[in-house]
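Enquirer: no FASTA, just this:
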């Protein structure tokens, strides 16, 4: 089966307080698609190809037979977002911490790539990174 050239990605995350989650991510500059946002869910727009569905625990539970992980203890997933510059990495982490997020890992700087991280108010681990486009090798 050939791999699609472009796929949309929808990450689904359970949140304990949807208005708080929307306010937090709104402060980081993200917007929401009102067509897919209501009292149970909010469709956060990352890009034309990427979205995060913030779902109340009750609504999230309709999509799985498993229990929702306690985000205060284990890490089940790291959500990584690209940034357009080193400065945007620093600004997003700063905004996250000022808006109720918590520090996750120390910043990294490999010269060609810099990154930062934070936990959102529900404990989900977010990584933000910038990589020098000149450092990316073309795919064959």
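Expert: Arrived safely, thanks for sending. A quick note: this is a predicted structure, and the numbers were derived from the prediction, not measured. Numbering: from 1, shown residues only.
Enquirer: Tell me which stretches of this protein form helices.
Expert: Using DSSP state H, the helices of the chain run over residues 18-27, 57-60, 86-98.
Enquirer: Out of those helices, which is closest to residue 41?
Expert: helix 57-60 (5.7 Å; C-beta to C-beta). Where you see a C-beta, it was placed from the backbone N, CA and C, and this is true even at glycine.
Enquirer: Any idea how far that closest one is from the middle of the chain?
Expert: 18 Å (C-alpha atoms, centre = their mean, to the nearest Å).
Enquirer: Show me what it is in contact with.
Expert: With C-beta atoms under 8 Å, 6 or more residues apart in numbering as the test, helix 57-60 has contacts from 12-16, 40-41, 68.
Enquirer: how about that helix: buried residues?
Expert: Going by neighbour count (16 or more other C-beta atoms under 10 Å), the buried part of helix 57-60 is 59-60.
Enquirer: re the thing from before, for the contacts of helix 57-60, give me TSV that also has neighbour count, pLDDT and distance to residue 115.
Expert: Formatted as TSV, the contacts of helix 57-60 follow (neighbours: other C-beta atoms under 10 Å; pLDDT from 0 to 100; distance: C-beta to C-beta, whole Å):
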residue	neighbour count	pLDDT	distance to residue 115
12	14	96	24
13	18	96	20
14	21	96	25
15	26	95	24
16	13	95	27
40	14	98	33
41	17	98	29
68	14	86	27
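Enquirer: what about the residue lying closest to residue 20 once chain neighbours are set aside, distance to residue 43?
Expert: Residue nearest to residue 20 in three dimensions, not counting chain neighbours: residue 121, with 5.7 Å by C-beta to C-beta, 6 or more residues apart in numbering. Note on residue 121: its distance to residue 43, by C-beta to C-beta, to the nearest Å, is 18 Å.
Enquirer: same check, this time on residue 77
Expert: 18 Å.
Enquirer: ok, these two, which is more surrounded?
Expert: residue 43 (18 against 11; other C-beta atoms under 10 Å).
Enquirer: give me the beta-bridge partners of that one?
Expert: residue 33, residue 53 (DSSP bridges).
Enquirer: The chain: strands as residue ranges?
Expert: 9-15, 31-33, 41-45, 50-56, 78-82, 102-103, 108-109, 113-119, 125-131 (DSSP state E).
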